[in-house]
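Colleague: Got a sequence here, can you build the structure:
(one chain, ligands or ions: 2)
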Amino acid sequence: MTQVFPSLLAADFLRLANEVASISMADGIHLDIMDGVFVPNISFGPGVVEAVRRVTRLPLHSHLMIVEPWKYLERFKAAGSDLITVHLETIGSSPKIFDDIKKLDAQAGLTFNPDTSVSASYAFLPFVDQALIMSVFPGFGGQKFLPESLARIEELAEHREREGLSFSIAIDGGIGRSNAGAAISAGADLLVAGTSVFGAVDRAKAIDELRAAT
Ligand code: DX5
Ligand code: ZN
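Modeller: Ligands and ions are numbered 1, 2, ... in the order given. Just a heads-up that it's a prediction; the model follows:
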């Protein structure tokens, strides 16, 4: 079954507890951490993750769009992250950071930008629990899905099959009713969706529709 992780970036931050309660039927929550250096925007840090952790038992996935992510792993784990995903563009050539994440008893994820080749991820994939393909350039919610992302999901799914690997494939950016089905058919196991979930009046329905999209 496809998993749906609403991105909290699109929530009303003044009503965070209610917003989190409104997506209790989701499979988990996606938390976008932006530092204003790796991406041209600043969002929130471990303090907000910790506040969210206090009001939900859903898995929390922290998407670190920050430089030098190794400096902050412990803090995001202590704040309650179940999975921490770091950008390929920020980690150099060693897979050590994934071991560091696992040693903290969190799941490890690798994310990559739309202009990073899928094959650049191959050396890291044996060490990760999840690979997250960005289907927009990171930094902002509400952007348009880049259609070439579908072929990138397929490429990654074929590689996983060929190599007998078991990481899950997630897609993030511009996901909604119109493209969720195509992303799932291409091989996505997990959909991150901000605007299309928090922009809906009936969030349970929005989440169900994404999960069941064909
Ligand atoms: C973009 C973030 C995404 C974003 C998704 O930098 O990583 O997770 O919040 O939001 P939507 O679904 O609105 O594109
Ligand atoms: Zn994200």
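
Colleague: which SSE is the residue of the chain positioned farthest from its centre in?
Modeller: What lies farthest from the middle of the chain is Arg162; by C-alpha atoms, centre = their mean that is 23.9 Å. Taking DSSP states H and E as the criterion, Arg162 maps to helix 149-163.

Colleague: Report the angle between whichever helix or strand comes after that helix and helix 149-163.
Modeller: Moving toward the C-terminus from helix 149-163, the next helix or strand (DSSP H and E) is strand 168-172. Relative orientation of strand 168-172 and helix 149-163, computed by axes from the mean of the first three to the mean of the last three C-alpha atoms, to 10 degrees: 170 degrees.

Colleague: mind listing what strand 168-172 pairs with, with the direction of each?
Modeller: Applying DSSP bridges, strand 168-172 is found paired with strand 130-134 (parallel), strand 190-193 (parallel).

Colleague: As JSON lines, those with mean neighbour count would be great.
Modeller: For the C-beta atoms, the positions are set from N, CA and C on the backbone; glycine is no exception. Formatted as JSON lines, the strands paired with strand 168-172 follow (neighbours: other C-beta atoms under 10 Å):
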{"stretch": "strand 130-134", "mean neighbour count": "25"}
{"stretch": "strand 190-193", "mean neighbour count": "26"}
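
Colleague: could you dump these to a markdown table with mean pLDDT and distance to Asp115?
Modeller: Formatted as a markdown table, the strands paired with strand 168-172 follow (pLDDT from 0 to 100; distance: least, C-beta to C-beta, whole Å):
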| stretch | mean pLDDT | distance to Asp115 |
| --- | --- | --- |
| strand 130-134 | 99 | 9 |
| strand 190-193 | 99 | 19 |
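
Colleague: Tell me which of those strands lies nearest to ligand 2.
Modeller: strand 190-193 (5.6 Å; C-beta to the ion).

Colleague: ok, and does that closest one reach over to ligand 2?
Modeller: No - shown here: strand 190-193 not in contact with ligand 2 (C-beta under 5 Å from the ion), separated by at least 5.6 Å.

Colleague: one step back: could you dump the strands paired with strand 168-172 into TSV with distance to Phe38 added?
Modeller: Listed next are the strands paired with strand 168-172 as TSV, based on distance: least, C-beta to C-beta, whole Å:
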stretch	distance to Phe38
strand 130-134	12
strand 190-193	18
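
Colleague: got a markdown table for these, with distance to ligand 1 too?
Modeller: Formatted as a markdown table, the strands paired with strand 168-172 follow (distance: least, C-beta to the nearest ligand atom, whole Å):
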| stretch | distance to ligand 1 |
| --- | --- |
| strand 130-134 | 7 |
| strand 190-193 | 5 |
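
Colleague: and Val201, which of the ones you listed is closest to it?
Modeller: Distance to Val201, taken as C-beta to C-beta, is lowest for strand 190-193 among the strands paired with strand 168-172, at 15.2 Å.

Colleague: Output the contacting helices and strands for the helix or strand following that closest one.
Modeller: Once the chain leaves strand 190-193, the next helix or strand it forms, by DSSP H and E, is helix 195-198. Identification of packing neighbours for helix 195-198 by 3 or more C-beta pairs under 8 Å, 6 or more residues apart in numbering; DSSP states H and E yields strand 3-6, helix 203-211.

Colleague: That concludes my questions; thank you for your assistance.
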